[in-house]
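Colleague: No letters, just coordinates:
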């Protein structure tokens, strides 16, 4: 839809915000309920059901198990050619619950979807709320992207809970390996020379990677954790298991880092005689690319709500599977802030503020701001055409690849 008069845009902004506020009690209750019953990656059955049920009760058509992921879903309203996606996250962290604020993220996306649904027909858009599991682990958005769930989407939005409001940041690309060394058991006192020590292999790998860090480019990080390295002190360990995670500024840097780290892991196997088994853990996350128009629209909307988002353009935050989406279509991923008294993501103190009055306000403000971004995109003829043209190009490229 093109050629909207300014008064149509203004009316849509008001109606979208009113629709969000009309559901304030439901959205805050949803955020609190997700917070009270945290579920980890690919186990978010209750969390996904809570969101899908609310969407269904408010007129959305819901498909559960989207992309063959049992805790994913798609909920749609409207029938316009411009499909706008709101990505809802809801997985928690093992042991510390919603220490990354995904209860806020998910509820805000639901609110934005409700706001845009109220004006979908007037603006010629389709609102697509996508339940995206396992952001903290295997990367639900990347898997759903590969499964075709985003194939009709022209632009995708979400916000992320944080101690401050910010816009424009990038993120690190990330990939992970599950690493297993298989050796040979033997009595540690009677015949240790008969064994092949998997603990030695994992120790050498950890040491080699530690020495490698000095030679890695800025922005490349490697972290590991050992899950198993023997079970009895008087038996040469037969099996050692670990997970290695690599981060880099770009996907190209990530590929290079993988080669270097793999060489360290292979060297440990060679030195000890253990067999190395490597398996990719989930999808690689791409670096985040935030769309300038969507970012500017969000900044205006946030300021109109009394917020003052800080520009983090050129800065790099942690990692997100929203990066994969942003490599394919215009995407938005600002942070929505509330007071955590200095507590940072992925800590138990941060989780404790996820159902605070500040977090509740963040849910409502973020929902309104995201809905306003959707209105601005739908009513700006140039930007609307840009997104639709990019979508058409993707479809042409996909058809050519077949």
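Modeller: Nice, I can see it. This structure is a prediction, so every number in the text was calculated from the model and none was measured.
Colleague: now residue 91: how far from residue 46?
Modeller: 12 Å (C-beta to C-beta, to the nearest Å). Placement of C-beta: from N, CA and C, glycine included.
Colleague: list residues touching both of the two?
Modeller: Common neighbours of residue 91 and residue 46 (criterion: C-beta atoms under 8 Å, 6 or more residues apart in numbering): residue 39.
Colleague: higher neighbour count, these two?
Modeller: Legend: neighbour count by other C-beta atoms under 10 Å for residue 91 and residue 46, higher for residue 91 (27 against 14).
Colleague: mind checking how far the more buried one is from residue 140?
Modeller: In terms of C-beta to C-beta, residue 91 sits 8 Å off from residue 140.
Colleague: what touches both of the two?
Modeller: 41, 133-134.
Colleague: Pick out whichever of those sits closest to residue 75.
Modeller: residue 133 (14.4 Å; C-beta to C-beta).
Colleague: can you tell me which residues contact residue 250?
Modeller: 173, 287.
Colleague: got a pLDDT number for it?
Modeller: On pLDDT, residue 250 comes in at 95.
Colleague: Packing partners of the lowest-mean-pLDDT helix or strand in the chain?
Modeller: Least confident helix or strand, the chain: strand 316-317 with a mean of 88, by mean pLDDT, DSSP states H and E. For strand 316-317, the elements it packs on are strand 170-171, judged by 3 or more C-beta pairs under 8 Å, 6 or more residues apart in numbering; DSSP states H and E.
Colleague: Would you mind listing the buried residues in the helix or strand following the strand it packs on?
Modeller: Using DSSP states H and E, the next helix or strand after strand 170-171 towards the C-terminus is strand 173-182. Across strand 173-182, burial judged by 16 or more other C-beta atoms under 10 Å covers 173-177, 179-182.
Colleague: Pop out the phi and psi values for residue 308.
Modeller: phi -130, psi 80 (degrees, to the nearest 10).
Colleague: With residue 165 as the reference, measure out to it.
Modeller: Distance of residue 308 to residue 165, given as C-beta to C-beta: 7 Å.
Colleague: ok, now residue 45?
Modeller: According to C-beta to C-beta, residue 45 and residue 165 sit 32 Å apart.
Colleague: quick one: which of those two has more around it?
Modeller: With neighbours defined as other C-beta under 10 Å, residue 45 and residue 165 compare such that residue 165 has more, 24 against 12.
Colleague: re earlier: now do the shared contacts for residue 308 and residue 165.
Modeller: With C-beta under 8 Å, 6+ apart as the test, residue 308 and residue 165 both reach residue 302.
Colleague: Within the helices and strands, which one has residue 300?
Modeller: With DSSP H and E as the test, residue 300 turns up in helix 292-304.
Colleague: Return the distance of that helix from the chain's centre.
Modeller: 21 Å (C-alpha atoms, centre = their mean, to the nearest Å).
Colleague: Could I get the buried residue list for that helix?
Modeller: 293-295, 297-299, 301-302.
Colleague: Let me know the closest of the residues you listed to residue 270.
Modeller: Nearest to residue 270, judged by C-beta to C-beta, of the buried residues of helix 292-304 is residue 295 at 48.4 Å.
Colleague: Please verify my assumption that the closest one contacts residue 168.
Modeller: Yes - when contacts are counted by C-beta atoms under 8 Å, residue 295 is listed as touching residue 168 (5.4 Å).
Colleague: anything in contact with each of the two?
Modeller: Residues within reach of residue 295 and of residue 168 at once, by C-beta under 8 Å, 6+ apart, are residue 334.
Colleague: got the phi/psi numbers for residue 77?
Modeller: Backbone torsions for residue 77, taken as degrees, to the nearest 10, come to phi -140, psi 150.
Colleague: and it, how many residues sit next to it?
Modeller: 21.
Colleague: Look up how far residue 365 lies from residue 29.
Modeller: Taking C-beta to C-beta, one finds residue 29 at 17 Å from residue 365.
Colleague: Those two: which has the busier surroundings?
Modeller: residue 365 (24 against 15).
Colleague: Surely the more buried one touches residue 302?
Modeller: Yes - between residue 365 and residue 302 there is a contact under C-beta under 8 Å: 7.1 Å.
Colleague: Figure out the helix or strand that residue 129 lives in.
Modeller: Using DSSP H and E, residue 129 maps to strand 125-131.
Colleague: Tell me how far that strand lies from the chain's centre.
Modeller: That offset, for strand 125-131, works out to 17 Å (C-alpha atoms, centre = their mean).
Colleague: likewise stretch 95-113?
Modeller: In this view, stretch 95-113 has its centroid 11 Å away from the chain centroid, taken as C-alpha atoms, centre = their mean.
Colleague: Give me the buried positions along it.
Modeller: Within stretch 95-113, the residues scored as buried using 16+ other C-beta under 10 Å are 96-113.
Colleague: quick check: mean pLDDT across it?
Modeller: Averaging pLDDT residue by residue across stretch 95-113 gives 98.
Colleague: next one: stretch 171-185
Modeller: Mean per-residue pLDDT for stretch 171-185: 97.
Colleague: start the count at 101, not 1, going forward
Modeller: Sounds good: first residue 101 from here, last item stretch 271-285.
Colleague: Which residue ranges of this structure form helices?
Modeller: With helices called from DSSP state H, the chain shows them at 106-122, 124-136, 145-157, 202-217, 220-223, 240-246, 298-312, 351-372, 392-404, 422-426, 448-452, 457-479, 481-501.
Colleague: Pick the most buried one from those.
Modeller: helix 202-217 (a mean of 30; mean count of other C-beta atoms under 10 Å).
Colleague: what's that one packed up against?
Modeller: Short answer (3+ C-beta pairs under 8 Å, 6+ apart): helix 202-217 packs on helix 106-122, helix 124-136, helix 145-157, strand 173-178, strand 182-188, strand 225-231, strand 260-262, helix 457-479.
Colleague: Report the angle between the fourth one and helix 145-157.
Modeller: In this case it means strand 173-178. 10 degrees (axes from the mean of the first three to the mean of the last three C-alpha atoms, to 10 degrees).
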